[in-house]
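Student: Here is a sequence with its predicted model. Questions after.
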Amino acid sequence: MFRILQRFSPVKRRATTLICARYSTGSKEHIDGLVKEKNLVVFMKGTPDAPRCGFSNAVVQILNMHGVEKFDAHNVLEDEDLRQGVKDYSNWPTIPQVYMQGEFLGGCDIMIEMHKNGELIEELKKAGIRSALLDIPEEK
Amino acid sequence: PLHLEVINESYMHNVPKGSETHFKVIVVSDAFGSKAALQRHRMVNHTLEEEVQKKGVHALSIVAKTPDQWQESIQKVEPSPNCRGGFGK
């Protein structure tokens, strides 16, 4: 389809623009590829080692508390297309966004809520991840 | 809603003084009924769609409770996590 558009475009586009547009990282297809069949994916600002936003950091810290250190993290600050694309994908206006087995789980508030009420342990179990918090004996 | 609070948390972030970019809203309503957190947040997001998508609200933290849950809680809400400097980057 893009080729057709290009043919009728009065301005000849540069090859690089064409490549970016055809393989937009913000497209549904691209994001499907990032989240489907993946256990746990986080779209965040910064990286797990150096989050650039308090909300993104909170999500990483919560996952770490549950002993989850292996997950795909995508830094949306490095990719404006992805930043907007993922918001459209989930119809959710903010970053961070957490996906489990292709399903949108929630943002920071929901992760904090699920962490506090214990639901996160159950959600992780569904993804075959045993929360490390289960191995800590309860304090009396 | 039975209770509605809008807190401007912009001062905690890497934005000019007096900014209105980072907010927390607390909504207590029967409408949340048996809805899960994700649906509740979507309802609030939908209501504030224009503010977030067109009017430059950058961060929105949501607390959505039913009246019963609000009564059970201490009716106080913790502040959002501190900024790590990524705004506008």
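Tutor: Nice, thanks for sending it over. Nothing here was measured: the structure is a model prediction, and the numbers come from that model.

Student: For the rest of this, base every contact and every neighbour count on C-alpha atoms.
Tutor: Noted.

Student: so how far is A:Gln101 from the residue lying closest to A:Ile121 once chain neighbours are set aside?
Tutor: Excluding its sequence neighbours, the residue lying closest to A:Ile121 (C-alpha to C-alpha, 6 or more residues apart in numbering or on different chains) is A:Ser131, at 5.7 Å. Distance, A:Ser131 to A:Gln101, using C-alpha to C-alpha, to the nearest Å: 16 Å.

Student: So for these two, which sits in the more crowded spot?
Tutor: Taking neighbours as other C-alpha atoms under 10 Å in any protein chain shown, A:Ser131 and A:Gln101 compare with A:Ser131 leading, 20 against 15.

Student: From what I see, that one and A:Glu119 are in contact.
Tutor: No. A:Ser131 is beyond contact range of A:Glu119, at 11.0 Å (criterion: C-alpha atoms under 8 Å).

Student: List the backbone torsions phi and psi for the residue nearest to A:Ile121.
Tutor: Main-chain torsions, A:Ser131, degrees, to the nearest 10: phi -70, psi 130.

Student: Look at the residue lying closest to A:Asp72 once chain neighbours are set aside and give its secondary structure.
Tutor: Among residues not flanking A:Asp72 along the chain, A:Val41 sits closest, at 4.7 Å (C-alpha to C-alpha, 6+ apart). Secondary structure for A:Val41, judged by DSSP: H, G, I helix; E, B strand; the rest coil, is strand.

Student: residues contacting A:Val41?
Tutor: A:34-35, A:71-74, A:98-100 (C-alpha atoms under 8 Å, 6 or more residues apart in numbering or on different chains).

Student: Nearest to B:Asn45 among these?
Tutor: Ranked by distance to B:Asn45 (C-alpha to C-alpha), the contacts of A:Val41 are led by A:Val98 at 16.7 Å.
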